[in-house]
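**Student:** Dropping the sequence and predicted coords here.
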Amino acid sequence: MSDIHIHIKNKSYPTAQEDKEYIIENLNMSLPSNEFICLIGPSGCGKTTLLNIIAKIDTDFQGEITQDHQALHPSIGYIFQNPRLLPWRTVRENIELVFDSQVSADYITSLLKSMQLEAFQHSYPEHLSLGMSRRVSIIRAFAINPEILLLDEPFVSLDAPTARQVRELLIKLWHQRPHTILFVTHDLREAITLADRLIFLSASPMSVVSEIEVTIPRDQRNNEHAIEDFRQSLLRDYPAINDLL
Amino acid sequence: MKASKILPLLSLLFFVLLWQGLAVLINDNTLPTPILVSQVFWQEIVSGQLPHHLGITLLRLIASFSIAMLLGCALGIALGSSQKLDAFFDNWLVIFLNIPALVTIILCYVWFGLIESAAILAVVINKLPNVIVTIREGTKALDKDLLEMAHCFHFSKRKIFAHVIWPQLHPFVMAATRTGLALIWKIILVVELLGRSDGMGYQLHLFFQLFDVASILAYTLAFIAVIQTIELFILKPLDRQALRWKR
């Protein structure tokens, strides 16, 4: 699989006023395949819109997303900001529904086990805590073995231990089966812990400010000092980032 | 037994006693006692008259109700999901919503003759706009987030309808069903009264001419029993089945 090129000339939403205000303008980025990329930018700057464009939920924009000079048609797993589970289907049914054909029951059971959700497989989402619902939405996105995984601040409103647990699981699954991950977050520490590459985005209109590779080796990502040192040096070397957090 | 079960029974008993008391007090043919009404009710059942006419009315109800619901759901979803269609047909809906039932019935009989299909059509035309409006509002209120999720994960059209759209429309369909049954019951009687020679409406008309209040009340009793049965054994279980997931 080769790199994905994103070129968005502009994107606007209809407003009450006559003149259009672009939310994204001249945004160019390349996503090397199988990399873990974190998008960081101020809230409301259009990160979710960008993910929706990549997921083809939002097609109302000027520009193109290509892979090998062709329009992009990969399988995409999307972990939304809210879990977006079907409340009238059980946990298990919610996962089964993303498959076109019959899927082996053992496969889904093993996924549920990996998130400690086996006991809740026949529960309805309304009876789950938010953390559990999020885990279900993560399984749902992973289950289809997507080529690109989009995550839109998936760990906000999770308590710290749960967030850490899910974060570790995400990395484990990514190591097991490499794919491109695009992860939106506000949290610079979280981004440094997870990513190969950080992309900083500016607000209104959104465009790329800087791209930074995270050079900490994977086996030292649990070391809080290493993370903190990297963060400090980052803020020192790129003072502009401070405004984007 | 719990108070919640005893109270309704007590209130029913009180209602019958009140009726009996009033009837004895007034002592007139225009208000027969519940005992007399139940006797007439029994005679009508044994003679086969009531089951025959009730059955015919029920058949008409099922036919017109099914047509109105199926058509109404399809049109309601179409209008709810397309702003242009909705803008175009909104006036039509308002017109049809406001035509008095009697007018459509008369026109149907005048245009198509005193035939069965004209009777059914008249009922359908009366009911259809209500279903369309209810389902249209339901369609407009569909959760966009879930639809986006379904598109993102490449759900097929059939899957989107069965698993994303229909569960959200269910309360609206149930509302349309309940108000629909109540409305159709009432309209169907007028339809039968004006242009049919069988069914509950025709019979009631006959009793009216004879001033036979006991028979009128006996038929009403049968009516209430049927509606209660539908509510208890069809609608309530459907609700329970579909709303399991709610907190």
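**Tutor:** Good, I have the coordinates. Note that the structure is predicted; figures quoted are calculated from it, not measured. Numbering: from 1, shown residues only, chains lettered A, B, ... in the order given.
**Student:** Tell me how many other residues crowd A:Ser104.
**Tutor:** 9 (other Cβ atoms under 10 Å in any protein chain shown). In this view, the C-beta of every residue, glycine as well, is placed from N, C-alpha and C.
**Student:** list the buried ones in stretch A:229-239?
**Tutor:** The neighbour-count check on stretch A:229-239 (16 or more other Cβ atoms under 10 Å in any protein chain shown) flags A:230, A:234 as buried.
**Student:** Send over it as PDB, restricted to the C-alpha atoms.
**Tutor:** Provided in PDB are the C-alpha atoms of stretch A:229-239 (Å, rounded to 0.1, in the frame of the first residue of the first chain):
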ATOM      1  CA  ASP A 229      11.400  15.600  27.700                       C
ATOM      2  CA  PHE A 230      10.300  15.300  24.200                       C
ATOM      3  CA  ARG A 231       7.300  17.500  24.900                       C
ATOM      4  CA  GLN A 232       9.500  20.200  26.500                       C
ATOM      5  CA  SER A 233      11.900  20.200  23.600                       C
ATOM      6  CA  LEU A 234       9.100  20.300  21.100                       C
ATOM      7  CA  LEU A 235       7.600  23.400  22.700                       C
ATOM      8  CA  ARG A 236      11.000  25.000  22.900                       C
ATOM      9  CA  ASP A 237      11.900  24.300  19.200                       C
ATOM     10  CA  TYR A 238       8.400  25.200  17.800                       C
ATOM     11  CA  PRO A 239       7.000  28.000  20.000                       C
END
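**Student:** quick one: pLDDT of the nearest residue to A:Leu50 once chain neighbours are set aside?
**Tutor:** In this structure, A:Leu50 finds its nearest non-sequential neighbour in A:Ile24, 6.7 Å apart by Cβ to Cβ, 6 or more residues apart in numbering or on different chains. On pLDDT, A:Ile24 comes in at 86.
**Student:** The residue most central in space within chain B: helix or strand, and which one exactly?
**Tutor:** Nearest to the mean C-alpha position of chain B, by Cα atoms, centre = their mean, lies B:Leu181 at 0.8 Å. Using DSSP states H and E, B:Leu181 sits within helix B:166-195.
**Student:** what about that helix, near chain A?
**Tutor:** Yes - using Cβ under 8 Å from any Cβ of the partner chain, helix B:166-195 reaches chain A at B:Pro167.
**Student:** Tell me how far the residue nearest to A:Leu97 when sequence neighbours are not counted lies from B:Val46.
**Tutor:** Distance criterion Cβ to Cβ, 6+ apart; nearest residue to A:Leu97, sequence neighbours excluded, is B:His163 at 5.9 Å. Applying Cβ to Cβ, to the nearest Å, the value for B:His163 to B:Val46 is 50 Å.
**Student:** would you say the residue nearest to A:Leu97 is within a strand?
**Tutor:** No - with DSSP: H, G, I helix; E, B strand; the rest coil as the criterion, B:His163 is assigned helix and is not in a strand.
**Student:** Next up, the contacts around it.
**Tutor:** Residues near B:His163 by Cβ atoms under 8 Å, 6 or more residues apart in numbering or on different chains: A:86, A:89, A:97, B:150, B:155.
**Student:** Could you double-check that the fourth one sits in contact with B:Lys159?
**Tutor:** The one in question is B:Ala150. Yes - contact criterion Cβ atoms under 8 Å: B:Ala150 and B:Lys159 qualify, at 7.3 Å.
**Student:** For the helix holding B:Leu181, enumerate the helices and strands it packs against.
**Tutor:** Helices and strands touching helix B:166-195, by 3 or more Cβ pairs under 8 Å, 6 or more residues apart in numbering or on different chains; DSSP states H and E, are helix B:49-81, helix B:101-112, helix B:116-140, helix B:200-210, helix B:213-230, helix B:236-242.
**Student:** again, only using 6 Å
**Tutor:** Judged by 3 or more Cβ pairs under 6 Å, 6 or more residues apart in numbering or on different chains; DSSP states H and E, helix B:166-195 is in contact with helix B:49-81, helix B:101-112, helix B:116-140, helix B:200-210.
**Student:** Looking at those, which one is packed in the most?
**Tutor:** helix B:116-140 (a mean of 22; mean count of other Cβ atoms under 10 Å in any protein chain shown).
**Student:** List the contacts of that one.
**Tutor:** The contact list for helix B:116-140 (Cβ atoms under 6 Å, 6 or more residues apart in numbering or on different chains) reads B:63-64, B:67-69, B:72-73, B:75-77, B:79-81, B:93, B:96-97, B:101, B:104-105, B:108-109, B:112, B:169, B:172, B:175-176, B:180, B:183-184, B:187-188, B:191, B:196.
**Student:** quick one: stretch B:134-152 to chain centroid distance?
**Tutor:** Here stretch B:134-152 shows a centroid-to-chain-centroid distance of 27 Å under the convention Cα atoms, centre = their mean, to the nearest Å.
**Student:** can you check stretch A:22-33 too?
**Tutor:** Averaging C-alpha positions (Cα atoms, centre = their mean) puts stretch A:22-33 15 Å from its chain's average.
**Student:** hmm, back to that, more neighbours, B:Ala150 and B:Lys159?
**Tutor:** B:Ala150 (22 against 16).
**Student:** Quick check: next helix or strand after the host helix or strand of the more buried one?
**Tutor:** Per DSSP H and E, B:Ala150 falls inside helix B:144-152. As assigned by DSSP H and E, the chain's next helix or strand after helix B:144-152 is helix B:157-159.
**Student:** helix, strand or coil for the residue positioned nearest the centre of chain A?
**Tutor:** Closest residue to the average C-alpha location of chain A: A:Leu151 at 1.9 Å, with Cα atoms, centre = their mean. Using three-state DSSP, the structure places A:Leu151 in strand.
**Student:** contacts for stretch A:6-18?
**Tutor:** Here stretch A:6-18 makes contact (Cβ under 6 Å, 6+ apart) with A:20, A:22-25, A:27-29, A:61-65.
**Student:** Export the contacts of B:His163 as TSV, with columns for distance to B:Phe15 and pLDDT.
**Tutor:** Below are the contacts of B:His163 laid out as TSV (distance: Cβ to Cβ, whole Å; pLDDT from 0 to 100):
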residue	distance to B:Phe15	pLDDT
A:Leu86	45	94
A:Arg89	44	93
A:Leu97	50	92
B:Ala150	50	93
B:Phe155	52	90
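**Student:** Can you tell me which of the residues you listed lies closest to A:Ser233?
**Tutor:** Comparing these against A:Ser233 with Cβ to Cβ picks out B:Ala150 as the nearest, at 44.0 Å.
**Student:** how much space between A:Leu170 and A:Ser114?
**Tutor:** Separation of A:Leu170 from A:Ser114 (Cβ to Cβ): 11 Å.
**Student:** Who has more neighbours out of the two?
**Tutor:** Comparing A:Leu170 with A:Ser114 by other Cβ under 10 Å, the one with more neighbours is A:Leu170, at 21 against 16.
**Student:** circling back to that earlier point, tell me who's in contact with the residue nearest to the centre of chain A.
**Tutor:** A:79, A:183.
**Student:** Kindly recompute the last result at 8 Å.
**Tutor:** Per Cβ under 8 Å, 6+ apart, neighbours of A:Leu151: A:79, A:170, A:181-184.
**Student:** And for A:Thr180?
**Tutor:** A:Thr180 touches A:1, A:4, A:31-35, A:37, A:147-149, counting by Cβ under 8 Å, 6+ apart.
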